[in-house]
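*Asks:* Give me coordinates for this.
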Amino acid sequence: MSHFTTVSVQIKDGVALRKCLEKMGYPILDMKTVRGYNGIQESVDFAIKPSENSYLIGFRKNAAGEYDVVADWWGVRVKEKEFMSKLKATFAEEKITQFAKKNRYTLKKSIEGTGTVIELVKRSY
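*Replies:* Numbering: from 1, shown residues only. The predicted structure is shown next:
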């Protein structure tokens, strides 16, 4: 019996995805499979190891060109919902930063309550 879960995150930019995972503190592993319960394996494009004694979390591009997160969450030492929430927020911040740099905006970032607010400012002289 497999415990693997595949979650589509609607992310197409693999370079930005890798960059945000590294920002989250996860080195990228050039793995082609991740293993779960009872040695069952799933194919992936790359993976991360969330902690020692934890199953890997894999990422693979699907037919729509978007990345899926593939993991046996029973053996991963982080909670799926927390990880996915942090991944989406970090990815959004990375894409905003890329856009701002490309279009010469100034970023103002602040933490308000439980979230981060990013303000884009473009001044014309």
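
*Asks:* alpha carbons only for contacts and neighbour counts from here, please
*Replies:* Will do.

*Asks:* quick one: residue 14 from residue 85, how far?
*Replies:* In this view, residue 14 and residue 85 are 18 Å apart by Cα to Cα, to the nearest Å.

*Asks:* okay, the two: which has more neighbours?
*Replies:* residue 14 (15 against 11; other Cα atoms under 10 Å).

*Asks:* Tell me, what's the model's pLDDT at that one?
*Replies:* Looking at residue 14, its pLDDT stands at 95.

*Asks:* Need the pLDDT of the nearest residue to it once chain neighbours are set aside.
*Replies:* Nearest residue to residue 14 in three dimensions, chain neighbours excluded: residue 67, at 7.7 Å (Cα to Cα, 6 or more residues apart in numbering). Per-residue pLDDT puts residue 67 at 97.

*Asks:* Dig out what residue 67 forms beta bridges with.
*Replies:* Assessed by DSSP bridges, residue 67 has beta-bridge partners residue 61.

*Asks:* At which residues are the strands of this structure located?
*Replies:* Along the chain, the segments classed as strands by DSSP state E run 5-8, 33-35, 41-43, 46-48, 57-61, 67-71, 106-112, 115-121.
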